[in-house]
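Starting from these lines, generate the structure:
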Amino acid sequence: MNLLANFFDGKKILLPQNFNFAYDVVDLYAEKEPEQIALIWCNDKDEERKFTFKEISEKSKQAAAYLQSKGIQRGDKILLSLRRRYEYWIFVLALHRLGAVAIPCPSGLLKKDLIYRLQAVQPKVMIAFATQHFMKEIQEALASFPQVELVKISGQKEDYQAFSAEDLDLEKIKAQNQGRLPGGKDPMLAFFTSGTSSQPKLIHHDYNYPLAHIITAKCWLNNREGGIHFSLAESGWGKFSWGKIYGQWICGSAVFAYDMEHITPVNLIKKVEKYKITSFCATPTIYRYLLNLDLKKYNLSSFEWACTAGEYLGSDLYNSFYEKTGIQIHEAFGQTETTLLVGNFAGNPVKAASIGKASPIYDLIILDQKNQPCPVEKTGELCVKVNKDTLGISREGHRTEEFIYHTGDLVYCDKDDYIWFVSRKDDIIKSSGYRISPFEVEAVLQKHPAVKECAVTGEFDEKRGQIAKASVVLEDNYQACHEIELELFNFMRKETALYKVPRKIVFVDSLPRTSNGKIQRAKLR
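Sure thing, here's the model as predicted:
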């Protein structure tokens, strides 16, 4: 079934009236192609589940009936912390059916992180699958919020089997929703941003949000009918919605979910081999780990397409992966507040280290410090011209008028319309009158054979305002010492402009990251 044609004509998104992903995509598949595989799930305990669209549809109706029995109504806010468990797909669709607002949270948060989110959201229910330690953090946090009911998911049948699919009273839901099922510009999802540079903030998306991810899935991830897409993102982050549900299912691709305890490169490549993954998306760090394996040992004949976002890729990593696999890594850019803004799209030549070209559904503009458009090759802030018909851009404060959305990210555009990422505005290091992009410095430092990973941040300095500090993780066969520090300083002096050379190098065992793999520069600062 070519469901994609219902929503995309190859150039623009076709917006149906009052779109609801649960009814207009999942239930339609359940009716027309009931046995088509929607989700393939496994974990580190050799457990495996495969779900057809019919099963996903029925189980999400069942979960909706269960939540309805608990008094969940349209507009209620529900926290979800379900890792990469298959229950996430079931419960988030259940909430879409009811019109409740789903708010995903990453697993493993500490008590203080949970309290921050509970205070910001004031949810009616929290649904969680957790280890013993995480459940302890949840229960301690919820002690201050007695009005919030906790639904613990154990992976057992009794979790929500008290209600069958037939128990979902759609007429009752329609009455509850004043005769109109939730959809269109009603609030559907809310995400906390990754908090890499400051405290996480809460942003909202409406029911039309999944349609904007057609470009994400079709044009960037190259998802297709009969394919199997594997994205590493955990359900607590916005990237999960980019690569594990909406655009993939609209395009007819199955989703592969690996609920791993820890990221282990050899396990990842074995999953690609075993489940015949066709397209894959992960941060550049993961590709760097994979390159340390002997990839010739694995049958990767099904593997067609590779993508990355969230960190700087760099031409060296791109070239190394291409040389070993024959597969190009397609870099892209977007934010939790948006869908895909820029990408190396299928059908376009890839420029290594460029984040690609503007998405066809957005009117992008690069503005200087005076909010004037930048000429070619001139660095400025990437912005989006938003109007009432723009899809996939969060409208905090229920904005309906035209406005300019500022990403806070610095880029430039070349003569071929390819866009190049420079830095977050907050991450730019201002030292002795120079403006230093940490990503430029990291790209050079990463070329040294001793450097496994690195992150460059600004540190206060009385004379220079700031200095560049490099936090470096060494390869296993190198030891942190004064000699290797001097070697890295000398290497940088030969490879880049003197003002870009870090004034301080510190060796660390690992870089602080979100569970989605992004470096938390705020912690390094």
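
Tell me how many other residues surround Lys378.
By other C-beta atoms under 10 Å, 11 other residues sit near Lys378. To be clear about C-beta, it is placed using only N, CA and C from the backbone, and glycine gets the same treatment.

Tell me the spacing between the nearest residue to it once chain neighbours are set aside and Ser437.
Spatial nearest neighbour of Lys378, chain neighbours left out: Tyr412 (6.0 Å); criterion: C-beta to C-beta, 6 or more residues apart in numbering. For Tyr412, the distance to Ser437 (C-beta to C-beta, to the nearest Å) stands at 11 Å.

any common contacting residues for these two?
Listed contacts common to Tyr412 and Ser437 are Val422; contacts here mean C-beta atoms under 8 Å, 6 or more residues apart in numbering.

Which one's more surrounded, the two?
Ranked by neighbour count (other C-beta under 10 Å), Tyr412 and Ser437 place Ser437 first, with 21 against 18.

quick one: contacts for that one?
Contacts of Ser437 (C-beta under 8 Å, 6+ apart): Leu410, Val422, Ser423, Asp427, Ile428, Ile429.

Over to Tyr116?
By C-beta under 8 Å, 6+ apart, the contact list for Tyr116 reads Gln199, Pro200.

Tell me if I am right that it is in a strand.
No: going by DSSP: H, G, I helix; E, B strand; the rest coil, the assignment for Tyr116 is helix, not a strand.

what's across from the residue nearest to Lys378 in the sheet?
Trp420 (DSSP bridges).

you'd agree it is up against Tyr418?
No: in this structure, Tyr412 is not within contact of Tyr418 by C-beta atoms under 8 Å, at 9.7 Å.

circling back to that earlier point, I'd like the contacts of Ser437 as JSON lines, with pLDDT, secondary structure and neighbour count appended.
Formatted as JSON lines, these follow (pLDDT from 0 to 100; DSSP: H, G, I helix; E, B strand; the rest coil; neighbours: other C-beta atoms under 10 Å):
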{"residue": "Leu410", "pLDDT": "91", "secondary structure": "strand", "neighbour count": "21"}
{"residue": "Val422", "pLDDT": "85", "secondary structure": "strand", "neighbour count": "21"}
{"residue": "Ser423", "pLDDT": "81", "secondary structure": "strand", "neighbour count": "20"}
{"residue": "Asp427", "pLDDT": "79", "secondary structure": "helix", "neighbour count": "23"}
{"residue": "Ile428", "pLDDT": "80", "secondary structure": "coil", "neighbour count": "17"}
{"residue": "Ile429", "pLDDT": "87", "secondary structure": "strand", "neighbour count": "23"}
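
and of those residues, the nearest to Thr131?
Nearest to Thr131 among the contacts of Ser437, counting by C-beta to C-beta, is Asp427 at 33.0 Å.

How about the closest one, nearest residue that isn't a chain neighbour?
Spatial nearest neighbour of Asp427, excluding adjacent residues (C-beta to C-beta, 6+ apart): Pro438 at 5.4 Å.

so who does Ile90 touch?
Shown in contact with Ile90 (C-beta under 8 Å, 6+ apart): Ile56, Lys59, Ser60, Gln62, Ala63.

State whether it is indeed within a helix.
Yes: membership of Ile90 in a helix is supported by three-state DSSP.

how close does it get to Asp186?
21 Å.

so Ala353 touches Trp420, yeah?
Yes: Ala353 is in contact with Trp420 according to C-beta under 8 Å; the separation is 7.2 Å.

quick one: low-confidence parts of the stretch 251-400 of the chain?
397-400 (pLDDT under 70).

now the chain
For the chain, residues meeting the criterion pLDDT under 70 lie at 162-170, 174-178, 194-198, 397-400, 515-517.

all helices for the stretch 351-500 of the chain, in order.
Along the stretch 351-500 of the chain, counting by DSSP state H, counting those that start in this stretch, helices occupy 438-445, 482-495.

The shortest one - contacts with which helices or strands?
Based on contacts counted as 3 or more C-beta pairs under 8 Å, 6 or more residues apart in numbering; DSSP states H and E, the elements that helix 438-445 packs against are strand 419-424, strand 451-461, strand 465-474, helix 482-495.
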